[in-house]
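Student: Can you look at this prediction? I've put the sequence above it.
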Amino acid sequence: MDYTPNILKESSSGFFSCSIRDEMLRQRELECVGEINAETVYSLCRQLRYLQHEDPEGDITLFINSPGGEVSSGLALYDVMKAVSCPIRTVCLGTAASMGAVLFAAGDRRDILTHGRVMIHDPLIPQGVGGSALELETISKNLLETRRVLCSVLADCTGRSLEEIYRCTARDTWFTAEAAVDFGLADRIITAI
């Protein structure tokens, strides 16, 4: 259940109620929380484009607490993050895993809270995969291409070699906040937002 509280604001015409998300958007703060899918990504892409229209140079903060999700949707958000002219600060609250880690690492400035954790790994085989040998070969080729794309993005974001990223993503690799900074997934540990 997604409960979004309202806040009370005062204007020259009196008090009014607005969603805390609306107020965060006004302050150029967005949230990527939970599973990354087409619906959440579309909403975030729309908000990023709106904020760029409002102020093409203004900083945007994207708070991330995500276990990951759909790679194609995550790459769409990554592309929009790179396409907008606004600098994007990513902040890891809790966990940035899988596609959430890729999006976190893609920020222009990447902050992680003291107990934040980041996890990277190879893309997973889709559930319910089956079929003929030729179908499985096609799925395997697509999965390896997706792996190459994601590892290339992580190599670009971290300054690590592609081979090192391949080694780290061969299994679930978890990073504490300190280790994420050392590896190049994050820029600094913060204790205040």
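Tutor: Cool, got the structure.

Student: residues near the nearest residue to residue 115 once chain neighbours are set aside, how many?
Tutor: Nearest residue to residue 115, sequence neighbours excluded (Cβ to Cβ, 6 or more residues apart in numbering): residue 177, at 6.9 Å. Quick note: C-beta positions are derived from backbone N, CA and C, even for glycine. For residue 177, the neighbour count with other Cβ atoms under 10 Å is 21.

Student: for the chain, longest strand please?
Tutor: strand 88-97 (DSSP state E).

Student: roughly how far out does the very next helix or strand once past that one sit from the chain middle?
Tutor: Once the chain leaves strand 88-97, the next helix or strand it forms, by DSSP states H and E, is helix 99-105. Centre-to-centre, helix 99-105 and its host chain are 4 Å apart (Cα atoms, centre = their mean, to the nearest Å).

Student: okay, now residue 131: neighbour count?
Tutor: Residues lying near residue 131 (other Cβ under 10 Å) number 10.

Student: ditto for residue 35
Tutor: 14.

Student: Residue 173: how many residues sit nearby?
Tutor: Residues within reach of residue 173, counting by other Cβ under 10 Å, total 16.

Student: for residue 157, same thing?
Tutor: Residues near residue 157, counting by other Cβ under 10 Å: 20.

Student: What residues sit buried inside stretch 22-40?
Tutor: Residues of stretch 22-40 classed as buried: 24-25, 28-32, 36, 40 (neighbour count, 16 or more other Cβ atoms under 10 Å).
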